[in-house]
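Student: below are the sequence and a predicted model; questions follow.
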Amino acid sequence: MHDERRRIEERVERVHTQRIKPAIYAAAVPFEVEAWQAPGEPVSFAEAAAASYEPFAMDTPWGPPWGTTWFRMRGQVPAEWAGKRVEAVIDLGFVGDWPGNQAEALVHLTDGTPLKAVNPLNQYVPIANPATGGETVDYLVEAASNPDILADNFSAPTPLGDVLTAGDKPLYTFQRADLAVLDEEVWHLDLDLQVLSELMVHLAEHEPRRHEIMHALDRAMDTLDLDDVSGSAAAVREVLAPVLAKPAHASAHTVSGVGHAHIDSAWLWPIRETKRKTSRTFSNVTSLADEYDDFIFACSQAQQYEWVRDNYPRVWARIQDSVKKGQWAPVGGMWVEADGNLPGGEAIARQLVHGKRFFIEHFGVETKGVWLPDSFGYTAAYPQLAKLAGNEWFLTQKISWNQTNKFPHHTFWWEGIDGTRIFTHFPPVDTYNARFSGEEMDRAVRNYREKGGGSRSLAPFGWGDGGGGPTREIMERARRLADLEGSPKVVIEHPDAFFAKAREEYQEAPVWNGELYLELHRATYTSQARTKQGNRRSEHKLREAELWATTAALHAPGYAYPYEKLDRLWKTVLLHQFHDILPGSSIAWVHREAEAEYARVAEELEALTAEAVAALGGGGTRVFNTSPYDRAEVVRTADGAPAYVEVPASGSAPLTDAGPTQPVKAEGLVLDNGLVRVQVAEDGTLSSVFDLRSGREVLAGPGNLLRLHTDLPNYWDAWDIDKHYKNRYTDLLSPDSVEVVSADPLLGAIRVTRSFGKGSTLTQTITVRADSPRIDFETEIDWHEAEKILKAGFPVDVRAAHSSAEIQFGHVQRPTHTNTSWEAARFEVSGHRWVHIGEPGYGVAVINDSTYGHDVTRTVREDGGTTTTVALSLVRAPRIPDPEADQGKHRLTYSLLPGATIGDAVAEGYALNLPLRIADAAGAPEPVVSVDGDGVTVEAVKLADDESGDVVVRLYESRGGRARGVLRTGFPLAGAQITDLLERPLADEAAEIDGDGAVAVSLRPFQVLTLRLQRGTTGR
């Protein structure tokens, strides 16, 4: 037989594209269209319905960036269309090849009922099937003219990312608004051809099945009447029916499909637009559920549900109905799909608590899995926290984006830092926007790494980010692929069902231990520093407010614990931990609003804490310590004078004139407190840090070396830092001034000022305090660079085999060598409050109050010694998607802690991030709880969410070893329970209370423990 593949494939392509697709709609009549441009921000339906509309013609430009245009569309179904399937077809003038992040609309009836959205690949609105003829159609369509920020693949900065800079030039040209007849036979023929032709080209050329399909398609083209596509479509489908009916191989891979619409809670659009995106997509989804009984849609992010509940009650009611029918599956159990590295431990716990509780309260559904397809790497604390929230499985696919190494598993057990394991799946289709194309199905099977052990994978399908979600075309593809020779078998099912089957068939799945590090998007640990700082400070201010509110509720008559306010503030912080806000990868509008929100949160939390402290009684000045560790340190009083104080963990003490045992001496540019001697060089770096306790020099080179690197990644400017950034840099060694600014016995300080680059300035106050080996670098930066990154490096004279970086409820160790490509790929990593490096007998910690990105490198010197360098990433200057990212002023503090153990790093990390509070309060209540036992660390103290008055304490083992301790309460204790994160008692675990009313605590390495404490009858 001659090879006619090219002729046949090209024939099918042309006829399909040029004849069949245009015939899908057999007839059309235009709507009568009028328009009204809403001024400023979006308006309510009532306001839009009452507005004055003007005639609007097709091919007319419309829509300034971020604008809203309402269209009134009126029409009547022609009488001759009786018995036909009639739809509205609306093309807003869609652009590009991505169905999200551009114009979209929500179609309403005149009474305000939302019907369905209009999106680039979902342009129809059902009217009648069958039509009777003569039906009157009257719509109000809210159209959003959101700019396509992704245009030109992020190749250049754009002012379109903020309404303040975007201008008012119309972005779109309206193309179509018609009543139309859907020719169902032609539509189904189109889908038959799509499925078969895509399957054909992805089968190997030697496969008989490929040639069988090819010749069937050729015969089908012979059958088609090019002058009467509609009339011959049924006959063409009969020719194709036999090849569509052949069943899949018995051993064919199974793809479990579930509808999905990944909607970023903010990214290339502001939060206000996400509120509308969710309503549009969810309207589409509920409409599709009415049309396809076998459709199931998985949807995460409780925050988005709440937006729809509050703003679109009719859509919310349809969601509730779909959940009851089993067609809508709440998943994920988190408030938002948060960043996977940067939120604190307690914040991730609250993400899970608020998410799961929302779904339980509103749907009676307890989600079983964590759904995070798009975050930029995942902390090794997740397995434990997920299990403690009652989850059984974890899903992501983002690790498929790795720049260097291909992850070895798709289905596996993920083991966290404490030893907890959770069943995990990465969809080998490598997308969460699947459409069941031939290429995707081929890729899913080809990629799948568990062949011989497992036989199934998950494929979330549907268009996200405003693309409208799953479509009827995708559902029709799934039906054709349910049992088709040459293809994996597609079944639509709930993610819980998939995970149960995958776990059952693959009981010896492999284990991956530790973090899921994404070898890409490493700059998200640093970009938009003010957003990150706002998050860090909000987390710690929430801890502070909860602790002192609990103290006041227990000891101050008449004080009411602020449940509602704390709940609302937590949810605001959790929202801004979304995986494109906190990482710094959103447009300018998003980060401008985030900074304002963090300022508001800080103000409210400050007021709540002040109110709680004031409730304890006035009349004397006391110092309040929110840290879980005792403190003895120097603070500044209200008049700016230093004072030395000793305060118990989670307690308070009077402000006295107690003196330190090791005062500070300042001689020239040397600060000495008897513990460390710090010498500042004329160039502003540290020429020496001598640990007087151990008699050793800490540094192996200039300390606090500020290095300005060129930082232009290959792509994804705000997301990525590529390894070549290290090759070009300028060391900042020419200060404007270096001077002693404090020689007080309690506090010695040297100030260094610098000017550099394109008008940037940096002022650092290097501080040594009495009785503390910690050296602080209080830093103010006025930043005006572009495509640069500023790092602060500390070359330490230790031979560290690994670094230890704090993560949520513990720390993770990373090798300092680059023996393999896996280690080499970790050239920039994340950590929370501290990084520790050490050799047997000696260690050093670098502590910070707001940054996350850093790198750790190791070299051998000519003298044979080893230098291990920790370099903190302080600030970047990407220009895409925010051209002004990080520009302006920054205030942050980082510290060097010589002679530090892991325990020292933990304690000082809390101390730097939880400054002591000085306030008038005559009362001296006992701390709500106190703990003795090395490594047992209290992370949260609060009243129970059910408003029962019970006290909830979350603690963990912080050093990486086993720990035993005793927890005592500052109130009469009637009972104690071990609970899950949702504060529900765990049936198989009990708390032990000894004769003194204390709770014995025994923890494995990095174990998280939540205790619910009942108050005795003599307590309030």
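Tutor: Structure's in. What do you need?
Student: going along the chain, name the strands of the stretch 151-300 of the chain.
Tutor: 172-173, 176-182, 254-259, 297-299 (DSSP state E, counting those that start in this stretch).
Student: nearest to V768, out of the ones you listed?
Tutor: strand 297-299 (53.6 Å; C-beta to C-beta). (C-beta placed from N, C-alpha, C; glycine too.)
Student: packing partners of the closest one?
Tutor: strand 254-259, helix 271-291, strand 328-330 (3 or more C-beta pairs under 8 Å, 6 or more residues apart in numbering; DSSP states H and E).
Student: so of the strands of the stretch 151-300 of the chain, which one's packed in deepest?
Tutor: strand 297-299 (a mean of 27; mean count of other C-beta atoms under 10 Å).
Student: quick one: the residue nearest to I807 when sequence neighbours are not counted and V323, what's the gap?
Tutor: Spatial nearest neighbour of I807, excluding adjacent residues (C-beta to C-beta, 6 or more residues apart in numbering): T379 at 5.0 Å. Distance, T379 to V323, using C-beta to C-beta, to the nearest Å: 30 Å.
Student: if you count what's nearby, which of these two comes out ahead?
Tutor: With neighbours defined as other C-beta atoms under 10 Å, T379 and V323 compare such that T379 has more, 28 against 19.
Student: hang on, P488 packs against H253?
Tutor: Yes. Proximity of P488 to H253 meets the contact threshold set by C-beta atoms under 8 Å, at 4.1 Å.
Student: what touches both of these two?
Tutor: Common neighbours of P488 and H253, using C-beta atoms under 8 Å, 6 or more residues apart in numbering, are 444-445.
Student: looking at those two, which is more packed in?
Tutor: Between P488 and H253, P488 has the larger neighbour count (other C-beta under 10 Å), namely 25 against 20.
Student: let me see the contact set for T937.
Tutor: With C-beta under 8 Å, 6+ apart, T937 has these contacts: 628-629, 906, 931, 955-958.
Student: thinking again about what came up before, touching, the residue nearest to I807 and Q808? I think so.
Tutor: Yes. Using C-beta under 8 Å, T379 is in contact with Q808, at 5.5 Å.
Student: between these two, what contacts are shared?
Tutor: I348.
Student: point out where the stretch 751-900 of the chain drops to low pLDDT.
Tutor: Scanning the stretch 751-900 of the chain for pLDDT under 70 picks out no residues.
Student: all strands of it, in order?
Tutor: 760-769, 775-783, 788-796, 802-807, 810-815, 829-830, 834-839, 842-848, 853-860, 866-876, 888-898.
Student: give the burial count for the residue lying closest to G63 once chain neighbours are set aside, as a bare number.
Tutor: In space, and not counting its chain neighbours, G63 is closest to S145: 2.6 Å by C-beta to C-beta, 6+ apart. Around S145 there are 22 other residues, counting by other C-beta under 10 Å.
Student: tell me the bridge partners for S145.
Tutor: Beta-bridge pairing for S145 (DSSP bridges): G67.
Student: that one contacts F71, doesn't it?
Tutor: No. Using C-beta under 8 Å, S145 makes no contact with F71, being 11.8 Å away.
Student: list the buried residues in stretch 7-19.
Tutor: 8-9, 12, 15-16, 19 (16 or more other C-beta atoms under 10 Å).
Student: hmm, back to that, relative to R435, which of the strands of the stretch 151-300 of the chain is closest?
Tutor: From these, taking C-beta to C-beta, the stretch that ends up closest is strand 254-259, at 10.1 Å.
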